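In: quick one: sequence and predicted model below, then my questions.
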Amino acid sequence: MSGIYGNNFLQQAQVDQWLEYFKSEIENPVSVVVYQILGYLPADMKSFNISSQTALKKLKHVDEHLEGKEYLVGDSVTLADISFVTTLLYLYRFHLHKGKQKKLKNVTRVFESLTKDPIFLSVIGRVILC
């Protein structure tokens, strides 16, 4: 019963929780920020700033969880980690500068570690942070 969805029922439930957290709490504010930067949404500083602050606030929860950990769930890459990287990829490329990265030291550490993994590299290529 091991694999990308966890190694037991508890880990599978934790993976589900993280997938839902990224989908319901982080994806929308991250999309507003990134889409405005890329020009897919019209520039609106009010919504940009609110979404940026919301994303950072929600990522603080993830940062606390990742203290002393290499993965969101268990001891190997799960679907939760894949969702983590894909949700944050463009935010790290275009918005989270070094100053903001310092506020999310564990999120940044795990994000960098995962994106340097050969499996991730083969799909998303080399990730250059903002």
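Out: Yep, it's here. Numbers count the residues shown, from 1 in each chain.
In: doesn't R109 make contact with L129?
Out: No: contact criterion C-beta atoms under 8 Å: L129 and R109 do not qualify, at 11.9 Å. The C-beta positions use only the backbone N, C-alpha and C, and glycine is treated the same way.
In: between the two, which contacts overlap?
Out: Both L129 and R109 lack any common contact, where contact means C-beta atoms under 8 Å, 6 or more residues apart in numbering.
In: in three-state terms, label G3 for me.
Out: State at G3, reduced to three classes by DSSP: H, G, I helix; E, B strand; the rest coil: coil.
In: which of the residues in whichever helix or strand E112 is part of are classified as buried?
Out: For E112, the element it lies in under DSSP states H and E is helix 105-115. Neighbour-count burial for helix 105-115, counted by 16 or more other C-beta atoms under 10 Å, picks out 106-111, 114-115.
In: tell me the SS of L72?
Out: coil.
In: that one: neighbour count?
Out: Applying other C-beta atoms under 10 Å, we find 25 residues neighbouring L72.
In: and for S24?
Out: S24 has 10 nearby residues by other C-beta under 10 Å.
In: so how far is W18 from it?
Out: S24 is 11 Å from W18, where distance means C-beta to C-beta, to the nearest Å.
In: give me the common contacts of those two.
Out: With C-beta under 8 Å, 6+ apart as the test, S24 and W18 reach no residue in common.
In: nearest residue to S113 other than its sequence neighbours?
Out: E70 (6.5 Å; C-beta to C-beta, 6 or more residues apart in numbering).
In: and the one you found, how many neighbours does it have?
Out: 14.
In: surely it meets F111?
Out: No: taking contacts as C-beta under 8 Å, E70 lies outside contact range of F111: 11.5 Å.
In: what lies in contact with the helix or strand Y35 falls within?
Out: Per DSSP H and E: Y35 is located in helix 27-38. For helix 27-38, the surrounding residues in contact (C-beta under 8 Å, 6+ apart) are 41-44, 47-48, 50-52, 54-55, 58, 87-88, 90-91, 94-95.
In: select only the buried ones of the residues you listed in ChimeraX?
Out: Buried residues within the contacts of helix 27-38, by 16+ other C-beta under 10 Å, are selected in ChimeraX with:
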select :48,51,52,54,55,58,87,88,90,91,95
